[in-house]
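A.B. asks: sequence plus the predicted model coming up.
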Number of protein chains: 4
Amino acid sequence: MNSTIQKLSEFFEKLPGIGPRQARRFVYALLRKEQSFLNDFSALISTLKENVSQCQKCNRFFQSKKHGGVCGLCNSTERKEKVLLVVEKDIDLKNIEKAGFYNGYYFVLGGLVPPISSGLPEEVKMKKLFERVKEEALSKNLDEIILAFSATTEGDSTTRYVEKILEPIIKNRAIKINRLGRGLSTGTELEYSDKDTILHAFKNRQ
Amino acid sequence: MNSTIQKLSEFFEKLPGIGPRQARRFVYALLRKEQSFLNDFSALISTLKENVSQCQKCNRFFQSKKHGGVCGLCNSTERKEKVLLVVEKDIDLKNIEKAGFYNGYYFVLGGLVPPISSGLPEEVKMKKLFERVKEEALSKNLDEIILAFSATTEGDSTTRYVEKILEPIIKNRAIKINRLGRGLSTGTELEYSDKDTILHAFKNRQ
Amino acid sequence: MNSTIQKLSEFFEKLPGIGPRQARRFVYALLRKEQSFLNDFSALISTLKENVSQCQKCNRFFQSKKHGGVCGLCNSTERKEKVLLVVEKDIDLKNIEKAGFYNGYYFVLGGLVPPISSGLPEEVKMKKLFERVKEEALSKNLDEIILAFSATTEGDSTTRYVEKILEPIIKNRAIKINRLGRGLSTGTELEYSDKDTILHAFKNRQ
Amino acid sequence: MNSTIQKLSEFFEKLPGIGPRQARRFVYALLRKEQSFLNDFSALISTLKENVSQCQKCNRFFQSKKHGGVCGLCNSTERKEKVLLVVEKDIDLKNIEKAGFYNGYYFVLGGLVPPISSGLPEEVKMKKLFERVKEEALSKNLDEIILAFSATTEGDSTTRYVEKILEPIIKNRAIKINRLGRGLSTGTELEYSDKDTILHAFKNRQ
């Protein structure tokens, strides 16, 4: 069946975490909505990128009709200037902003580097990160780079990859590269912790 | 934040089973797609109802540019004529068709009747069901009505509601109203079955 | 480590659903109990079978110091005599008794017959069932046998096995063999039901 | 029903994480074991404490027929002497030992201090911890105390309680009290981390 229902289901299946069954439910849910709902939903999707721009400096998406610009965070003069925090994705950045204590700058890498890989995934903007760090280093705007990836195998391989890539830039300069601290996260019980977590929790004791 | 990202997230939250967090992830996933993807997705949503019609007889959605018509199932001359199966939603109908043994007709009610309610939800097409049954009864096209709702509190209250509504039509005619059989469904273990399931499994033993 | 702690853990691991980690937790929990608790717990385990007897007729366990006897259910004169319900295990029997509507007799088979098997598991008391049915049949105490196994592959293969075994006894007598009815069990939604469940729910409609 | 089955079930229900249903399954599982299994199981439970001693120094349980003694870890001359690690329970100690990097001493507190409480739970050996620390402090055997409780509300309130209790002993001596480091534990994703975890992961970056 190559129907509209089927075709629209296949688009929903491209969203993260959605299988054929749920995609199909979405379509039937839409069929029971008013046409005005469908029109508004449709318009927001087709114009999404018109109203959202990708920041030239940090790579994150932000609300702006003008493309090719720089976001409010990167333009802010109130942020402490000399730290660059590298995250995987926009939502990680938002979660850190919500915590409310960080006032340096960001770079959204766009993805992670797989542990075993024949090449860099297209969405991982490693070259752009390299250029950004080089520029900041030359203009002496950088004291520290914080690699803030998830504590997973992919996060770890990305950390190692980025450290290697950035090494030539930072080695003769007073720029530190740090990783987020490992240890017990909220809710972690000692009984169920792995060796690595325990080891880091010891090293980082205070 | 009343941005495009926020607005589109709120549309995704109207889909069944989607919370704010997953809605937000959908929007960021779309931001990383090509504009052509967004255009195609958008077009399918806005034109969904142009290409899908709701059957005048059974209330289900089917692929058709011509609106106000009757679907292939209702028009089929190969289906045994005198049974009407009433289901809650299109996907239930599809699941029964997939099982491949039923060859009577259908009616999609569009929703369930809540156990405690001050009125019928708008999406429940009770009046249309009443008219359909009356018409079939007058033209002597009906031997049996099967109420095929889920074995839940809502399903049960819908069954009772429909039975009461249809009673005046069928009482002086040879039309049976039946409910789907209750019992052990595939995978059910006796140890964990409730009283109701055990009782029905006994009554329906064979 | 072949310590007492280790040895006791291994005993706990023989209980259904208990892995090494939870077994170990049990032992440490016991270490923090009073000695009197340990003594009482220990005594109940070692004397369990002294105080619990396995019924000669139905094979179930029941409270009795006298071994080799017959349980209260089998001895009851208030139960409708001519139905024998065969279940896998004691807890299934208890669950059916709790439902409170059945007043025939029981037989606890002790286990299920695997679908593909080179022999009957030792705990499955097929021979005893055969003898019981033969005896009841000869004394004309049997109108119906109900096979009440779970709606699983193992349950189904056990049903087929028992039917075949009992066929010679019942074929020239007015004894029916029935299976529990299949259909929608409480909570089952039509959208997620498999073909088999839908088919049975249709056949058993009423 | 006050039967043996019921009584034994109630003992199993006293084990951590076991509800009435699983307790009952344990009893029926035991009924199907040989008497020799029950005898061995029973004997290990009643003699558990005969063969296991609680260490006079660290409070942990260890294999020993002689009671009132000191365990191998406390007696070891190969362990670096001047750190005392305080854990909630034996299994936490085992998990840390398994990680294989720590070579100071331990103290098993026996439980946690509830955040809101009218008194210390009996199993929490606070007084014994106080005496142990005082003794080590007087004999100049202590450089550092590490509080290694789970990163939960109970763990945190226990940390605060212990710090307050030990303050008088350490304040005029060169003894540090540290807590395990907080941060990302293995598997933690940034997107789902709470504010506290992110904050600690930042502070402990390296």
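C.D. replies: Received the coordinates, thanks. Residues are numbered from 1 along each chain as shown, chains lettered A, B, ... in the order given.
A.B. asks: then stretch A:103-116 to CSV, C-alphas only?
C.D. replies: Output of stretch A:103-116 as CSV, limited to C-alpha atoms (Å, rounded to 0.1, in the frame of the first residue of the first chain):
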residue,chain,number,x,y,z
ASN,A,103,28.9,31.3,32.0
GLY,A,104,31.4,30.5,29.4
TYR,A,105,30.8,29.7,25.7
TYR,A,106,29.6,26.6,23.9
PHE,A,107,30.2,24.5,20.8
VAL,A,108,27.6,21.9,19.6
LEU,A,109,29.5,19.1,17.8
GLY,A,110,26.3,17.7,16.3
GLY,A,111,27.1,14.0,17.0
LEU,A,112,29.5,11.5,18.6
VAL,A,113,32.5,9.6,17.1
PRO,A,114,31.9,5.9,17.1
PRO,A,115,34.6,3.8,18.9
ILE,A,116,35.3,1.8,15.7
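A.B. asks: helix or strand right after the longest helix seen in chain A?
C.D. replies: Criterion DSSP state H: the longest helix present in chain A is helix A:153-170. Downstream of helix A:153-170, the first helix or strand assigned by DSSP states H and E is strand A:176-179.
A.B. asks: report the contact partners of the spatially most central residue of chain A.
C.D. replies: Geometric centre of chain A, nearest residue: residue A:89, 1.1 Å, by C-alpha atoms, centre = their mean. Residue A:89 sits next to A:108-111, B:28, D:191 when contact means C-beta atoms under 8 Å, 6 or more residues apart in numbering or on different chains. C-beta coordinates here come from the backbone N, C-alpha and C atoms, glycine included.
A.B. asks: from the residues you listed, which land in strands?
C.D. replies: Secondary structure from DSSP state E places residue A:108 of the contacts of residue A:89 in strands.
A.B. asks: intersect the contacts of residue A:89 with the contacts of chain C.
C.D. replies: Among those, not one lies near chain C by C-beta under 8 Å from any C-beta of the partner chain.
A.B. asks: picking up where we left off before, what mean pLDDT does the longest helix of chain A have?
C.D. replies: Mean pLDDT, helix A:153-170: 95.
A.B. asks: which other helices and strands does that helix contact?
C.D. replies: The helices and strands touching helix A:153-170, judged by 3 or more C-beta pairs under 8 Å, 6 or more residues apart in numbering or on different chains; DSSP states H and E, are helix A:126-138, strand A:144-147, strand A:176-179.
A.B. asks: run through chain A and note the low-pLDDT ranges.
C.D. replies: A:1-2 (pLDDT under 70).
A.B. asks: how about 80 then?
C.D. replies: Residue ranges of chain A with pLDDT under 80: A:1-2, A:80-81, A:117-118.
A.B. asks: what about the helices in it?
C.D. replies: Counting by DSSP H, the helices of chain A are A:4-12, A:20-31, A:35-46, A:48-51, A:72-75, A:90-99, A:126-138, A:153-170, A:195-203.
A.B. asks: need those helices in JSON lines (columns: mean neighbour count and distance to residue A:82).
C.D. replies: Putting the helices of chain A into JSON lines (neighbours: other C-beta atoms under 10 Å in any protein chain shown; distance: least, C-beta to C-beta, whole Å) gives the following:
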{"stretch": "helix A:4-12", "mean neighbour count": "20", "distance to residue A:82": "44"}
{"stretch": "helix A:20-31", "mean neighbour count": "18", "distance to residue A:82": "46"}
{"stretch": "helix A:35-46", "mean neighbour count": "17", "distance to residue A:82": "38"}
{"stretch": "helix A:48-51", "mean neighbour count": "17", "distance to residue A:82": "32"}
{"stretch": "helix A:72-75", "mean neighbour count": "14", "distance to residue A:82": "14"}
{"stretch": "helix A:90-99", "mean neighbour count": "19", "distance to residue A:82": "17"}
{"stretch": "helix A:126-138", "mean neighbour count": "16", "distance to residue A:82": "8"}
{"stretch": "helix A:153-170", "mean neighbour count": "17", "distance to residue A:82": "13"}
{"stretch": "helix A:195-203", "mean neighbour count": "21", "distance to residue A:82": "26"}
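A.B. asks: need the ones you listed in a markdown table with distance to residue D:137, can you?
C.D. replies: Formatted as a markdown table, those follow (distance: least, C-beta to C-beta, whole Å):
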| stretch | distance to residue D:137 |
| --- | --- |
| helix A:4-12 | 66 |
| helix A:20-31 | 62 |
| helix A:35-46 | 67 |
| helix A:48-51 | 65 |
| helix A:72-75 | 51 |
| helix A:90-99 | 39 |
| helix A:126-138 | 50 |
| helix A:153-170 | 41 |
| helix A:195-203 | 22 |
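A.B. asks: separation between residue A:37 and residue B:52?
C.D. replies: 15 Å (C-beta to C-beta, to the nearest Å).
A.B. asks: who touches the closest residue in space to residue A:102 that isn't next to it in sequence in this structure?
C.D. replies: Nearest non-adjacent residue to residue A:102, counting by C-beta to C-beta, 6 or more residues apart in numbering or on different chains: residue A:96, 5.7 Å away. Contacts here follow C-beta under 8 Å, 6+ apart; on that basis residue A:96 touches A:85, A:87, A:102, A:148, D:190, D:198.
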